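# Whatever this is, show me its structure:
(2 chains)
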Amino acid sequence: MNPVKEYFNGVYLGVKTALIGMRVTFSHLFTPAVTIQYPTQKMKLPERARNRLYVNMDDCIGCDQCSMACPVDCITIETIKSTPEDNLGVTSTGQKKRLHVPVFDIDIAKCCYCGLCVPPCPTECIKMTDVYEFAEFDRHNLIYSFATMTPAEIETARVKAKKMEEEAAAKKAAAAKAAAEAKLKMAQAPAAQSATTSPVAAPQPQQSAPVQVGPLPVSAQPKADQPTAENPPADAGPKQE
Amino acid sequence: MEQFLTSLLGDTIWVHIIMGALPLVFILPYALVTIYLEMKIAAHMQDRLAYMRTGWHGTLQPFADILKLLQKEDTIPTAADKILFLLSPYIVFTGTYAAFAVLPFSKAYIGSDLNIGVFYIVAVSSLVVVGLLMAGWASNNKWSLFGALRSAAQIVSYEIPSAFAILAVIMITGTMSLNSISDFQSSGIQNWLIFGGPFPMGKKLLLFPFMLIMFVIYYVASMAEVNRTPFDIPEAESELVQGYNTEFSGMKFAMFYLSEYANLFVVSAIVTVLFFGGWASPFGTFMSGPGWDAFWFITKGMFFVCVNIWLRWTLPRLRVDQLMYVSWKVLTPFALFCVLAIGLIVVW
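Residues are numbered from 1 along each chain as shown, chains lettered A, B, ... in the order given. Next up, the predicted model:
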């Protein structure tokens, strides 16, 4: 381009673009501001916004699944078995509660808001809320305890559970004794039967080491006792229903 | 005004003190209003809201800002040239305030109706450069010094086109007194010099395009003289921290701040006087009188202050070489040509 023409073109463009810019800014002077005045005005959160966790303890069955799903281990759950005579009630989804939950802590400072704890919950009692203003001056205040049990209740539940366990252990020991006696009888009495059972039983000692001959009956005993001795509280529920 | 005060108080020193202090009475509330306006206009041009919490729509924010500045610790760098450092903000403000002496706020009120009013302003506002250079030099800080040097180079460069624009007006009006220049354009909007002044139609039409160009030249040059965006390279944050006032805090910084805004009004007022009739009412004798004169003068001045703010939030900062290009290769030749043309028209 001719230098003279370029010069005048430059001046013309300079003035023109400045005026265009002024028109743009002037029009923006009267467009409504996009500012949201935060503490008084708030943006509507998306429907599935993930913020502070909340646990509805009335529905919690203490299954520990949320804690296991948590990638940062911010959920701590402790449970105490309930005795058959305890009635802990039913969750809103109709499930029977069988465990006391004395500790249900969520360290929200560790929480990464991934929401992985929500889907495993069988009773949908842990959920992400839309609360996001929970700053604290002390970090320890960010550990939320959801458990509703009082220390006294926890203590009585512990004692009861322990007692029940002892009883169960005693029962188990008795059952084990009975089983051992039964086995002894079986081993002593039917010598003729051993001929028929040996082809089936014989390969087993061959596969496993001969040392296991000793422990074998011990491990076999609880298997036989399982329905009666080891799981009485679990089975007691349905039976009562 | 002076006569009125003399009749009221007698021929005492109080008359002169009151006459001298009146512009200060104007500057302080003006600065508060302009700080507020600047922030509000800036925000709304960017679709924001600016201050909303201090008072109704943040109207008390400028007071809060001033209070904050007053409370701040007044630090002086150990390596600074103490005397110059302490002196510079006051020299800058003095240079600015001195210009108010000849501003005709109203037909009845002018600090001093010098017959070389415009020339006085050009001369006195150069004192500001001295103050800025002192500030930059005394800070013993490379950014400050760079800012001051840039500021000096810029103000000196832009004084030439602005002086040409003033010269053109002086050629038409035949006077340098700002009061007389305003008087020359009174009795109606059609007599303002931007529209060719009070001349017969043919001459007016001939003068109009040149006066328009002169107005643009003067406005751009004045913007550069007060170091406002797009000509704020002396305090370009991205390059120079804060330029010459990097090391200043508290009251001294407030002085720089105040003089920047006061200077902004001075150049806007000069634009008003030179091209838009000064205190003259746009409706001839309607709404004119000492009080109305002051109203028109301040309204017109504030209008150009607002335009300045508007430009500030529109245009990006120029580079140093672009700045010099605009001054020496665009504004100066155009101004020179227009002065010649206007001179020929006036003689004819």
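
# Where does the residue in the stretch 151-300 of chain B positioned nearest to chain A sit, in terms of helix or strand?
Evaluated by Cβ to the nearest Cβ, the stretch 151-300 of chain B has residue B:216 as its residue closest to chain A, separated by 7.6 Å. Yep, even glycine has a C-beta here, placed from its N, CA and C like the rest. Using DSSP states H and E, the element containing residue B:216 is helix B:201-225.

# just to revisit the earlier point, show me what contacts the residue of the stretch 151-300 of chain B closest to chain A?
Residue B:216 sits next to residue A:15 when contact means Cβ atoms under 8 Å, 6 or more residues apart in numbering or on different chains.

# Just the pLDDT for it.
Reading off the confidence values, residue B:216 has pLDDT 89.

# Distance of it relative to residue B:162?
The gap separating residue B:216 from residue B:162 is 12 Å, by Cβ to Cβ, to the nearest Å.

# same question, residue B:182
Distance, residue B:182 to residue B:162, using Cβ to Cβ: 19 Å.

# and if you look at residue A:134?
Distance, residue A:134 to residue B:162, by Cβ to Cβ: 59 Å.

# which of those two has more neighbours?
For residue A:134 versus residue B:162, neighbours defined as other Cβ atoms under 10 Å in any protein chain shown are more numerous around residue B:162 (28 against 11).

# and the more buried one, what helix or strand is that in?
For residue B:162, the element it lies in under DSSP H and E is helix B:142-173.

# swap in residue A:103?
Assigned by DSSP H and E, residue A:103 belongs to strand A:99-107.

# and if you look at residue B:73?
Assignment of secondary structure by DSSP H and E places residue B:73 within no helix or strand.

# just to revisit the earlier point, packing partners of the strand holding residue A:103?
For strand A:99-107, the packing partners by 3 or more Cβ pairs under 8 Å, 6 or more residues apart in numbering or on different chains; DSSP states H and E come out as strand A:53-55, strand A:75-81, strand A:143-145, helix A:151-188.

# closest to residue B:44 out of these?
strand A:53-55 (40.6 Å; Cβ to Cβ).

# Distance of residue A:183 relative to chain B?
Distance, residue A:183 to chain B, using Cβ to the nearest Cβ, to the nearest Å: 85 Å.

# hang on, residue B:298 packs against residue B:105?
Yes - at 7.3 Å, residue B:298 counts as touching residue B:105 under the criterion of Cβ atoms under 8 Å.

# quick one: common contacting residues for the two?
Residues touching both residue B:298 and residue B:105 by Cβ under 8 Å, 6+ apart: residue B:26.

# Neighbour count for the two, which is higher?
Using other Cβ under 10 Å as the criterion, residue B:298 and residue B:105 rank with residue B:105 on top: 24 against 19.

# wait, that one sits on residue B:279?
Yes - Residue B:105 lies in contact with residue B:279 (Cβ under 8 Å); the separation is 6.9 Å.

# can you give me the helices for chain A?
Along chain A, counting by DSSP state H, helices occupy A:3-29, A:65-69, A:151-188, A:193-201, A:203-207, A:216-225, A:232-240.

# actually chain B, sorry about that
With helices called from DSSP H, chain B shows them at B:2-9, B:13-45, B:61-71, B:82-99, B:117-138, B:142-173, B:178-184, B:201-225, B:237-240, B:250-275, B:290-312, B:320-324, B:332-347.

# quick one: which of those is nearest residue A:91?
helix B:13-45 (52.9 Å).

# What is the burial count for residue B:229?
With other Cβ under 10 Å as criterion, residue B:229 counts 19.

# Same question for residue B:281.
19.

# Mind pulling up the pLDDT for the spatially closest residue to it that is not a sequence neighbour?
Residue nearest to residue B:281 in three dimensions, not counting chain neighbours: residue B:288, with 4.1 Å by Cβ to Cβ, 6 or more residues apart in numbering or on different chains. What the model reports for residue B:288 is a pLDDT of 72.

# what residues does chain B put near chain A?
With the criterion set to Cβ under 8 Å from any Cβ of the partner chain, chain B comes near chain A through B:41, B:43-49, B:52, B:216, B:310-311, B:313-315, B:326, B:329-330, B:334.

# Quick check on those: which are buried?
B:41, B:43-46, B:49, B:52, B:310-311, B:313-315, B:326, B:330, B:334 (16 or more other Cβ atoms under 10 Å in any protein chain shown).

# for the residue most central in space within chain A, what are its contacts?
Nearest to the mean C-alpha position of chain A, by Cα atoms, centre = their mean, lies residue A:66 at 1.8 Å. Contacts for residue A:66 were tallied using Cβ under 8 Å, 6+ apart; they are A:75, A:77, A:117-118, A:120-121, A:126.

# quick one: which of those is nearest to chain B?
When the contacts of residue A:66 are compared for distance to chain B (Cβ to the nearest Cβ), residue A:118 wins out at 37.3 Å.

# ok, now which ones touch the closest one?
Residue A:118 makes contacts with A:66, A:126-128, as judged by Cβ under 8 Å, 6+ apart.

# Turn the buried ones among those residues into a named ChimeraX selection, would you?
Command for ChimeraX that selects the buried part of these, burial taken from 16+ other Cβ under 10 Å:
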select /A:66,126,128
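
# CSV please, covering the contacts of residue A:118 and showing pLDDT.
Formatted as CSV, those follow (pLDDT from 0 to 100):
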residue, pLDDT
A:66, 88
A:126, 88
A:127, 86
A:128, 87
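
# want to throw the contacts of residue A:118 into a markdown table with distance to residue A:157?
Listed next are the contacts of residue A:118 as a markdown table, based on distance: Cβ to Cβ, whole Å:
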| residue | distance to residue A:157 |
| --- | --- |
| A:66 | 21 |
| A:126 | 22 |
| A:127 | 26 |
| A:128 | 30 |
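
# Give me the below-cutoff pLDDT ranges for chain A.
Within chain A, the ranges that satisfy pLDDT under 70 run A:190-241.

# Can you tell me which residues in it are near chain B?
Going by Cβ under 8 Å from any Cβ, the residues of chain A near chain B are A:7, A:11, A:14-15, A:18, A:21-22, A:24-26, A:28-35, A:37.

# Selecting buried members of those residues in ChimeraX, what would you type?
If you want just the buried ones from the residues of chain A next to chain B in ChimeraX, going by 16+ other Cβ under 10 Å, the selection is:
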select /A:11,18,21,22,25
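
# mind listing what the residue nearest to residue A:120 when sequence neighbours are not counted touches?
Among residues not flanking residue A:120 along the chain, residue A:65 sits closest, at 4.1 Å (Cβ to Cβ, 6+ apart). By Cβ under 8 Å, 6+ apart, the residues touching residue A:65 are A:120-122.

# most neighbours, which of these?
When neighbours are counted by other Cβ under 10 Å, residue A:121 leads the contacts of residue A:65 with 20 neighbours.

# ok, that one - contacts?
Applying Cβ under 8 Å, 6+ apart, the residues near residue A:121 are A:63, A:65-66.

# Out of those, which is nearest to chain B?
The closest of those to chain B turns out to be residue A:66 (Cβ to the nearest Cβ; 41.4 Å).

# gap between the nearest residue to the closest one once chain neighbours are set aside and residue A:126?
When the adjacent residues along the chain are set aside, residue A:66 lies closest to residue A:117, with 3.7 Å between them (Cβ to Cβ, 6+ apart). Noted for residue A:117: a distance of 6 Å to residue A:126, by Cβ to Cβ.

# Repeat that for residue A:94.
With Cβ to Cβ as the criterion, residue A:94 and residue A:126 are 18 Å apart.

# Please identify which residue in the stretch 201-348 of chain B comes closest to chain A.
Per Cβ to the nearest Cβ, residue B:314 is where the stretch 201-348 of chain B lies closest to chain A, at 4.4 Å.

# shouldn't that residue be in contact with residue A:21?
Yes - counting by Cβ under 8 Å, residue B:314 does reach residue A:21; the two are 4.4 Å apart.
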